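Undergrad: Need a 3D model of the sequence below.
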Amino acid sequence: MALVFGRFILAFILAMAAVAVIAPRPAPAADVIVNVDQAKLLKLPDKLATIVIGNPLIADASLQPNGLMVLTGKGYGMTNLIALDRAGNVLMEKSIEVQGPPGRLVVVYKGIERETYSCTPTCERRITLGDGNPYFEAVIGQTAARNTLAQGAAPPPK
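TA: Below is the predicted model of the structure:
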């Protein structure tokens with residue numbers, strides 16, 4: 001009986017150890033977090049010659065005077081940023097996480113089609129990655145027409 005109980009305890013300990021080894025670990029925290037469709041300023045190291053963004057569909061970067069960079073969230077996910085000097089030496093490496101839009105959002109599903117509304121304080125249409133094509137195209141078309149009119153150009157013929 002003691003032998004069976006001892007084997008049971010040993011099997012239990014080995015099972016718990018296996019679970020601890022194969023259990024998913026939390027993802028490492030990003031060095032820089034930016035929201036989709038928003039920008040963040042970063043100070044760059046001296047002697048910078050080149051910046052590399054791992055996935056430009058997730059984040060975009062543009063160099064500014066005085067050693068600043070504007071980092072813009074383009075799509076959800078994680079990517080990285082590498083800053084190099086003229087000799088190709090790495091001056092800085094950062095992980096970048098682009099998160100969803102901040103604020104109160106309401107997502108409406110109509111069958112498989114999705115629509116997103118920003119409700120701060122009243123609900124207005126907001127195009128968001130993942131919205132259905134008809135909704136996305138209608139809102140982006142209205143936005144483009146509004147921007148054209150705001151710049152003083154004549155509206156496109158119908």
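
Undergrad: Could you list the paired strands of the lengthiest strand in the chain along with their orientation?
TA: With DSSP state E setting the assignment, residue counts place strand 90-99 as the longest strand in the chain. Strands adjacent to strand 90-99 in the sheet, as given by DSSP bridges, are strand 32-35 (parallel), strand 77-84 (antiparallel).

Undergrad: so where is the protein shaky, pLDDT-wise?
TA: Low-confidence segments of the chain (pLDDT under 70): 1-6, 8, 10-12, 14-28, 153-158.

Undergrad: Show me where it has its helices.
TA: Defined through DSSP state H, the helices belonging to the chain, from first to last, are 2-22, 133-150.

Undergrad: quick one on the thing from earlier: touching the longest strand of the chain from outside, list them.
TA: Residues outside strand 90-99 that contact it (C-beta atoms under 8 Å, 6 or more residues apart in numbering) are 28, 30-36, 42, 44-45, 47-48, 53, 58-59, 71, 73-85. Glycine gets a C-beta too; all of them are placed from N, C-alpha and C.

Undergrad: try it again with 6 Å
TA: The contact list for strand 90-99 (C-beta atoms under 6 Å, 6 or more residues apart in numbering) reads 30-36, 45, 58-59, 73, 76, 78-83, 85.

Undergrad: okay, which residue is most central for the chain?
TA: With distances taken as C-alpha atoms, centre = their mean, the chain has residue 98 as the residue nearest its mean C-alpha position (1.9 Å).

Undergrad: Can you report how many residues neighbour the closest residue to residue 39 other than its chain neighbours?
TA: Closest residue to residue 39 in three dimensions, ignoring its sequence neighbours and counting by C-beta to C-beta, 6 or more residues apart in numbering: residue 72, at 4.7 Å. Here the neighbour count serves as a burial measure; for residue 72 (other C-beta atoms under 10 Å) it reads 16.

Undergrad: Verify the contact between residue 72 and residue 60 for me.
TA: Yes - between residue 72 and residue 60 a contact is recorded at 4.7 Å, counting by C-beta atoms under 6 Å.

Undergrad: domains for this structure, by residue range?
TA: The chain resolves into domains spanning 32-99, 105-150 when parsed by automatic domain parsing.

Undergrad: Buried deepest among the ones you listed, which one?
TA: domain 32-99 (a mean of 15; mean count of other C-beta atoms under 10 Å).

Undergrad: How far does that one stretch from one end to the other?
TA: Terminal residues of domain 32-99 are spaced 11 Å apart (C-alpha to C-alpha, to the nearest Å).
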